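Asker: Could you look at this predicted model? Sequence included:
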Amino acid sequence: MSKQLMDQLVKESQRTVPVGAICNGTVIDHIPAGSAIRLIYLLQLADHDHAVTVGMNLPSKRLGTKDLIKIEGWIVNPEMANQIAVFAPGATLNIVKEYRVAEKIVPKVPHELRGIIKCPNAHCITNHELANTVFLVENMGRKNRLRCHHCEKAFSCDQILLVRQEESAS
Ligand code: CTP
Ligand code: ZN
């Protein structure tokens, strides 16, 4: 192989990382790098048996780097799509049918999230009584901030743990 061809192939592989196409399912693309892991808990992907491909820190023209999740045999519902938009602003949601992108979902960030976030404030009543948490979603431009309805403290999406994330750690 000529050095020129080798250089070209190396350059090419740095620009694109091949991730296989799916047949029927959901592709969550353009996830801000570092956020895929939270979506894995949000969607409970470790708890069901769909084939899941996760890409992290992949090169992206638009974002520099991005995460990507492909789930075979599972179609995201509108409520889930809206929750994804809280934790991965700008992510694109594609429904794939028979290898083709059949639909691109435009999610709407919900006003509140009930029962899925653990409040990071150790003094918050939700950490001492069996109360479902309620967090209000505040739009901060490119990122969303989450405010606990009970203790009124606000947190960035990177600061919080999902209830399911905490359960799996203990
Ligand atoms: N995709 C897939 N399997 C398929 C078809 C598409 O995994 N059978 C993935 C593509 O790899 C891509 C996403 O679904 O990550 C969206 O596909 P497509 O709309 O073709 O890509 P783009 O034109 O890049 O769309 P956008 O800019 O909206 O991401
Ligand atoms: Zn709280």
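Answerer: Structure's in. What do you need? Treat the numbers as computed from the prediction; the structure is a model and nothing was measured. Ligands and ions are numbered 1, 2, ... in the order given.
Asker: Please report the distance of the most centrally placed residue in the chain from Lys3.
Answerer: Using C-alpha atoms, centre = their mean, the residue of the chain that lies closest to the mean C-alpha position is Leu39, 3.5 Å off. Separation of Leu39 from Lys3 (C-beta to C-beta, to the nearest Å): 41 Å. Just so you know, the C-beta spots here come from the backbone N, C-alpha and C atoms, and that holds for glycine as well.
Asker: okay, now the closest residue to Pro78 other than its chain neighbours: neighbour count?
Answerer: The spatially closest residue to Pro78, leaving aside those adjacent along the chain, is Ile105, at 7.4 Å (C-beta to C-beta, 6 or more residues apart in numbering). As a burial measure, Ile105 scores 20 neighbours (other C-beta atoms under 10 Å).
Asker: Report the beta-bridge partners for Ile105.
Answerer: Using DSSP bridges, the bridge partners assigned to Ile105 are Leu93.
Asker: isn't it right up against Val76?
Answerer: Yes: counting by C-beta atoms under 8 Å, Ile105 sits close enough to Val76 to count as a contact (6.8 Å).
Asker: got any residues that touch both of the two?
Answerer: Here Ile105 and Val76 share the contacting residues 93, 95, scored by C-beta atoms under 8 Å, 6 or more residues apart in numbering.
Asker: Give me the average confidence score over the helix or strand harbouring Ile84.
Answerer: Assigned by DSSP states H and E, Ile84 belongs to helix 78-87. Mean per-residue pLDDT for helix 78-87: 96.
Asker: and the closest residue to Gln83 other than its chain neighbours, what is it in contact with?
Answerer: Computed as C-beta to C-beta, 6+ apart, the closest residue to Gln83 that is not its neighbour in sequence is Leu42, at 6.1 Å. Counting by C-beta under 8 Å, 6+ apart, Leu42 makes contact with 80, 83-84, 87, 116, 162, 164.
Asker: Could you find which two of those residues are furthest from each other?
Answerer: Pairwise distances across those (C-beta to C-beta) peak at 14.4 Å, for the pair Ile84 and Arg164.
Asker: Looking at these two now, which is surrounded by more residues?
Answerer: Ile84 (25 against 18).
Asker: My understanding was that that one contacts Pro78; is that so?
Answerer: No: counting by C-beta under 8 Å, Ile84 stays clear of Pro78, with 10.6 Å between them.
Asker: Show me whatever sits in contact with both of these two.
Answerer: With C-beta under 8 Å, 6+ apart as the test, Ile84 and Pro78 both reach Pro107.
Asker: Relative to the whole chain's centre, how far out is stretch 28-42?
Answerer: 3 Å (C-alpha atoms, centre = their mean, to the nearest Å).
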